[in-house]
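>>> output the structure for:
(one chain, ligands or ions: 1)
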Amino acid sequence: MFATHPLQPPVDAMALRSTLLRIVFNGQQTRQIHELKKKEHAGVTKLREVVEDRLQEIKRSKTWKHERILTSPQDTKVKVKGSEGEFLNFCANNYLGLANHPEVVEAAREGLSKYGAGLSSVRFICGTQTMHKELEDRLTQFHGREDTILYDSCFSANTGLFEALLTSEDAVFSDTLNHASIIDGIRLCKAQKLRYPHKDLNELEHLLAHSQARLKLIVTDGVFSMDGNVAPIKGLRDLADKYRALLAVDDSHATGFFGETGRGTEEYCGVKGAADIICSTLGKAVSGAAGGYTTGPKELVSLLRNVSRPYLFSNAPPPPVVAACLKSLDLVENSSELRQRLRENTRLFREGMTAVGLTVAGDDHPICPVMVGEAALASDLAAGMLERGVYVVAFSYPVVPKGSARVRVQLSAAHAPDDVRRAVQAFADVARNIGFIQK
Ligand code: PLP
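Numbering: from 1, shown residues only. A predicted model of the protein is given here:
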């Protein structure tokens, strides 16, 4: 038992006091809610009815999102509220392990001390600091482009791109499995919207050949997050050239680690410079904090600074976050050690899983979807893993096509080889126990 100060009541009395306080507080809260409900506006009552129906529907379709609450920093081992001990974490986009890297954390602390918590302003009013310009310049150089515009997230970068650039005279050609932020961004623009089947270059060519649009913009994820597979960048570039189209690549699951020097999907595919426009995130491999950007022709970036709504009407990224991103870029550029470790962990996992008879889909990428098929089996597999202290998540319809439920595993450079081996062993044990593979 902890010693108490002589002026404090003994621990038992303190516990009793806090229990009493909680009862009184909860009672007050219930009364307050009751009072509020009595004078509830009719519109809110209607809202409850409508929303309750939708919530029930989400529960019936078993797509309710349960959030596990972490009580520790994001890392390869995490603590989860309500559970004892630590879990081995295989479901963050912390590809290079920078989210809680000591140098990145220290840089964020320094950014906070030097530049404060935030800007209380959008960029063009009084929200631009030297570090915002520095980060934009660093990203421009990193990608070998003309200019870069920073957003608070890649979701914002994507929702701010299409509406700013394209008018009703233009057309956008989008892979059916593109990320939600691309889909939403396209919804906001007035251009003709054409979707081509996932990675299907023949169908895309057919659409391009029949288009009379002024600007034709092909847009794809560089790496698709549910499948861990890579867009056919070379083929897309060839089609863009043939039909005088632009190619935009969302490289959120590639920037910083994919390709020899971490320049992303075009480097991995051996066609550096193939994309005309790159949108990417600073919330995954590079820092893991937050932020996004669009890099490409300087005229595009100038236009975005003037008309892109998520940029014009939302606060500048906060200084500690920008400082963390700058430090992360140093780490990405100055050493290949983290990328090498990530590649080794990815290989160890993929080979280990194949050896025990499990199928991992996707290309040579740290997104490793363990294919199961039936939704219930995938959910049992993920639950069994959690019981063994390994945190992974199952995905089923409608997030992925019917019949292709899976457990998605994401490797990090920060995993020790033994962490990876432990995960493979746990997968093998649980898959056998639930009858998914032979004992
Ligand atoms: N684009 C892709 C392909 C993503 O996977 C994500 C995040 O899940 C985003 C964009 C959004 O990134 P951010 O978290 O920076 O908004």
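
>>> quick one: contacts for Ala316?
Taking CB atoms under 8 Å, 6 or more residues apart in numbering, we find Ala316 in contact with Gly118, Leu119, Ser121, Val122, Arg123, Gly127, Thr128, Gln129, His132, Leu150, Asp152. Just so you know, the C-beta spots here come from the backbone N, C-alpha and C atoms, and that holds for glycine as well.

>>> skipping adjacent residues, who's closest to the last one in space?
Going back to what we said before, that points to Asp152. Distances taken as CB to CB, 6 or more residues apart in numbering put Pro317 closest to Asp152, at 5.4 Å, once the chain neighbours are dropped.

>>> do the second one as well
Closest residue in space to Leu119, ignoring its immediate chain neighbours: Gly127 at 3.9 Å, by CB to CB, 6+ apart.

>>> if I look at the one you found, how far off is Asp152?
The spacing between Gly127 and Asp152, counted by CB to CB, to the nearest Å, is 11 Å.

>>> picking up where we left off before, neighbours of the residue nearest to Leu119, how many?
16 (other CB atoms under 10 Å).

>>> Asn202 now?
10.

>>> got the confidence number for it?
You'll see Asn202 listed with a pLDDT of 98.

>>> I'd like to know how far it sits from His253.
For Asn202, the distance to His253 - CB to CB - is 25 Å.

>>> ranges for the helices of the stretch 151-300 of the chain?
Assigned by DSSP state H, counting those that start in this stretch, the stretch 151-300 of the chain shows helices spanning 154-159, 162-165, 180-187, 201-209, 233-242, 265-268, 298-307.

>>> who wins for proximity to Phe349 among the ones you listed?
Phe349 lies closest to helix 265-268 among these, at 18.3 Å (CB to CB).

>>> and for that closest one, what's in contact with it?
Contacts for helix 265-268 (CB under 8 Å, 6+ apart): 222-223, 230-231, 233, 249, 251, 254, 258-261, 272-275.

>>> contact residues of the stretch 201-350 of the chain facing the ligand?
Contact residues (CB under 6 Å from any ligand atom) of the stretch 201-350 of the chain with the ligand: Asp221, Ser225, Asp250, Ser252, His253, Thr281, Gly283, Gly292.

>>> how about 5 Å then?
Asp221, Ser225, Asp250, Ser252, Thr281, Gly283, Gly292 (CB under 5 Å from any ligand atom).

>>> those into a markdown table, with extra columns for distance to Gln141, neighbour count and pLDDT?
As requested, these are exported to a markdown table (distance: CB to CB, whole Å; neighbours: other CB atoms under 10 Å; pLDDT from 0 to 100):
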| residue | distance to Gln141 | neighbour count | pLDDT |
| --- | --- | --- | --- |
| Asp221 | 24 | 26 | 98 |
| Ser225 | 27 | 19 | 95 |
| Asp250 | 20 | 34 | 98 |
| Ser252 | 20 | 27 | 98 |
| Thr281 | 18 | 27 | 98 |
| Gly283 | 21 | 21 | 98 |
| Gly292 | 18 | 25 | 98 |
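
>>> narrow the residues you listed to those in strands?
Counting by DSSP state E, these place Asp221, Asp250, Thr281, Gly292 in strands.

>>> contacting residues for the last one?
Gly292 makes contact with 150-158, 252, 279-283, according to CB under 8 Å, 6+ apart.

>>> for it, which residues count as its bridge partners?
Counting by DSSP bridges, Gly292 forms beta bridges with Tyr151, Thr281.

>>> swap in the first one?
When bridges are taken as DSSP bridges, the partners of Asp221 come out as Asp250.

>>> what separates it from Pro197, distance-wise?
From Asp221 to Pro197 the distance is 14 Å (CB to CB).

>>> what is the neighbour count of the closest residue to Asn158 other than its chain neighbours?
Take Asn158 and drop its neighbours on the chain: the residue closest to it by CB to CB, 6+ apart is Ser181, 3.8 Å away. By other CB under 10 Å, the residues close to Ser181 number 22.

>>> same question, Leu303
Considering only other CB under 10 Å, Leu303 is surrounded by 14 other residues.

>>> isn't it up against Leu165?
Yes: under the criterion of CB atoms under 8 Å, Leu303 makes contact with Leu165 at 6.8 Å.

>>> SS state for the closest residue in space to Arg388 that isn't next to it in sequence?
Among residues not flanking Arg388 along the chain, Ala426 sits closest, at 4.4 Å (CB to CB, 6+ apart). The three-state assignment at Ala426 reads helix, by DSSP: H, G, I helix; E, B strand; the rest coil.

>>> in this protein, which helix is the longest?
Longest helix in the chain, counting residues (DSSP state H): helix 11-38.

>>> continuing past it, what's the next helix or strand?
Using DSSP states H and E, the next helix or strand after helix 11-38 towards the C-terminus is helix 42-60.

>>> now that next one: mean pLDDT?
Averaging pLDDT along helix 42-60 gives 95.

>>> which outside residues touch it?
Trp64.

>>> let's go with 10 Å and repeat that
Leu36, Lys37, Glu40, His41, Thr63, Trp64, Lys65 (CB atoms under 10 Å, 6 or more residues apart in numbering).
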